[in-house]
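S.K.: Here is a sequence together with a model predicted from it:
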Amino acid sequence: MASKLVVAAFVSLDGVMQAPGGPGEDGDNNFPHGGWLPPHVDEGFGEIMGGVFANSTGMLLGHRSYDILSSHWPNVPDEEGAWINDMPKYVTTRTPMTATWRNTEVLVGEAAETVATLKKRTDGEIITQGSSGLIHSLQQAGLVDEYRLLIFPVVLGEGKRVFAEGTAPAGLKLTGTRSTGSGILYATYDYSGKPLTGSIA
């Protein structure tokens, strides 16, 4: 028994993942570009998103991302795509909290430890949404098995990044690509161990 851990993220061309959905979503460090994703949403985006979650059996969130999503999705009717309400959800936090969003389990402690235990005691595919700080902890602990990145044709120049300064080195294997009419590039990568090095001499 062991789950696969997938990091799924919306990112700008320069790797920023902060506040894609709208102004005010995450204004940390006076981030001025909230809402950079919606202008690029098209039919292809919707099709890709269906595939991103097609095999997922659970969702992993940091505390802040949980607060953002749980303020919206429980109020969305099932016929409008609120399948996320029925999916098992796991929230990592160092501080005990009460989760009111149905099918949510709170993991209290250091993410590197609680998520490692979660992977061992579950089957299937657990996918992240948002949660840049959590992603960095998972990277450092070597817990990420796959990346699914939707890369948008915009450069933001500042903000929280999927691969922040100090990210643990990792080798990746490209497993798929697709693009949409609005210029979104969808790329998937499997973790393949330590980076390879060589010379072009």
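M.R.: Yep, that arrived. Numbering: from 1, shown residues only.

S.K.: what's the burial count for residue 174?
M.R.: Counted with other CB atoms under 10 Å, residues neighbouring residue 174 total 10. For the C-beta atoms, the positions are set from N, CA and C on the backbone; glycine is no exception.

S.K.: Residue 82 too?
M.R.: Residue 82 has 15 neighbouring residues, counting by other CB under 10 Å.

S.K.: Looks like it contacts residue 101 (just checking).
M.R.: No. Look at residue 82 against residue 101 with CB atoms under 8 Å: they stay out of range, at 11.1 Å.

S.K.: Overlap of the contact sets of those two?
M.R.: Taking CB atoms under 8 Å, 6 or more residues apart in numbering as the contact rule, residue 82 and residue 101 both touch 73, 74.

S.K.: any idea how far residue 68 is from residue 195?
M.R.: Per CB to CB, to the nearest Å, residue 68 is found 33 Å from residue 195.

S.K.: neighbour-wise, which of these two wins?
M.R.: Using other CB under 10 Å, the more surrounded residue of residue 68 and residue 195 is residue 68, with 19 against 9.

S.K.: I'd like to know which helix or strand in the chain has the lowest mean pLDDT.
M.R.: helix 63-70 (a mean of 90; mean pLDDT, DSSP states H and E).

S.K.: Point out where the chain drops to low pLDDT.
M.R.: For the chain, the stretches flagged by pLDDT under 70 are 1, 79-81.

S.K.: could you pull out the strands for it?
M.R.: 3-12, 58-62, 89-93, 104-108, 124-128, 146-152, 171-179, 185-193 (DSSP state E).

S.K.: what packs against the first one?
M.R.: Right, the one you point to is strand 3-12. With contacts defined as 3 or more CB pairs under 8 Å, 6 or more residues apart in numbering; DSSP states H and E, strand 3-12 has these neighbours: helix 111-121, strand 124-128, helix 132-140, strand 146-152.

S.K.: any chance of these in TSV, with distance to residue 97 and mean neighbour count too?
M.R.: Shown next, in TSV, are those (distance: least, CB to CB, whole Å; neighbours: other CB atoms under 10 Å):
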stretch	distance to residue 97	mean neighbour count
helix 111-121	13	16
strand 124-128	18	20
helix 132-140	14	20
strand 146-152	27	21
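
S.K.: To residue 46, which of the ones you listed lies closest?
M.R.: strand 146-152 (11.5 Å; CB to CB).

S.K.: For that closest one, name the packing helices and strands.
M.R.: By 3+ CB pairs under 8 Å, 6+ apart, strand 146-152 packs against strand 3-12, helix 43-52, strand 185-193.

S.K.: can the strands of the chain go into JSON lines with extra columns for distance to residue 19?
M.R.: Listed next are the strands of the chain as JSON lines, based on distance: least, CB to CB, whole Å:
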{"stretch": "strand 3-12", "distance to residue 19": "10"}
{"stretch": "strand 58-62", "distance to residue 19": "14"}
{"stretch": "strand 89-93", "distance to residue 19": "20"}
{"stretch": "strand 104-108", "distance to residue 19": "23"}
{"stretch": "strand 124-128", "distance to residue 19": "16"}
{"stretch": "strand 146-152", "distance to residue 19": "13"}
{"stretch": "strand 171-179", "distance to residue 19": "24"}
{"stretch": "strand 185-193", "distance to residue 19": "20"}
